[in-house]
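**Student:** please find the sequence and the predicted model below.
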Amino acid sequence: MSAMTHAISIGAFMDTDNNSEKLSGVFVDASNGQIIERELTEEEIEEIKCS
Amino acid sequence: MATPPVFSVGATLTAAQMNAVGRWRITGGTASTTLLSVRNCFTSDFSNYELVIDNLFTPGGVRTMCMQLQSASPATSSYFWAGYYSTFAGGFGAANSTTSGMAYWVPNTAGTYSPSAGTIQIMNPAQALKTNVVMSCINFDAGYHMGGYHDSATAYDGFRIFNVSNDTCNFNWSLYGYR
């Protein structure tokens, strides 16, 4: 396994495609046990970046 | 007390007995999703937390997982995170992430590989202190040990997990609080 595949440099794995695939999220409120699964909003999709 | 107490069936537990429990499962579940967001799990009840993730697959391919702290909004900057890995084949290396999140589990698993798993210790997230985090995990060919902190004296009530390619992650998870 090359060092590149172990690289934790985030950019190496960033998917830059702006595809139309719907993305889902699971939202848990531990105070009351509520679990909601729904599509992510545009704002949330924009937020889930780690780079 | 080295030996946990034994409670008989039907016994009424006192508040003191319950408060003596040093570790408690806060919440958990099975996720197949792009984003797992958990709120109101970090409270003044416990100082530290352990997030256990098991049976992790990323069907889309090898992925980097990322964890961020959050309250009403996520903290997307000021993380410092680094560590090392050792491969089953005898290799080794160091890794570090950028400041937008605690990136770990690199590379992740896909398809027919064995699933990855690990534990993440989160120290004092609910206090207005810099949150320290330590992680140990394995994937299909290596073991990882990582650590870091969020460089902001801020109290958070939750966390979120996703992968940097923003596609599906399948995993089981449990969050424990302990004193």
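**Tutor:** The structure has been received and is ready for your questions. Numbering: from 1, shown residues only, chains lettered A, B, ... in the order given.
**Student:** count the neighbours of B:Cys169 for me.
**Tutor:** Counted with other Cβ atoms under 10 Å in any protein chain shown, the neighbours of B:Cys169 add up to 24. All C-beta atoms are positioned from the backbone trio N, CA, C, and that covers glycine.
**Student:** run through the bridge partners of it.
**Tutor:** B:Thr33 (DSSP bridges).
**Student:** can you pull the pLDDT of it?
**Tutor:** At B:Cys169, the pLDDT value in this model is 89.
**Student:** that one contacts B:Ile161, correct?
**Tutor:** Yes - using Cβ atoms under 8 Å, B:Cys169 makes contact with B:Ile161 at a distance of 7.4 Å.
**Student:** joint contacts of the two?
**Tutor:** B:Leu36, B:Met65 (Cβ atoms under 8 Å, 6 or more residues apart in numbering or on different chains).
**Student:** which residues touch residue 31?
**Tutor:** Let's take chain A. B:Arg39, B:Asn40.
**Student:** should've been chain B
**Tutor:** Residues in contact with B:Ala31, defined by Cβ under 8 Å, 6+ apart, are A:Val26, B:Cys169, B:Asn170, B:Phe171, B:Asn172, B:Trp173.
**Student:** quick check, B:Thr33 in contact with A:Val28.
**Tutor:** No - applying Cβ under 8 Å, one finds B:Thr33 not in contact with A:Val28, separated by 10.8 Å.
**Student:** which one of those two has more residues nearby?
**Tutor:** Neighbour count, other Cβ under 10 Å: between B:Thr33 and A:Val28, A:Val28 has more, with 26 against 22.
**Student:** how about that one: what's its closest non-neighbour residue?
**Tutor:** B:Val38 (4.5 Å; Cβ to Cβ, 6 or more residues apart in numbering or on different chains).
**Student:** ranking the contacts of B:Ala31 by neighbours, who comes first?
**Tutor:** B:Cys169 (24 neighbours).
**Student:** so which residues of chain A form strands?
**Tutor:** With strands called from DSSP state E, chain A shows them at A:24-29, A:34-39.
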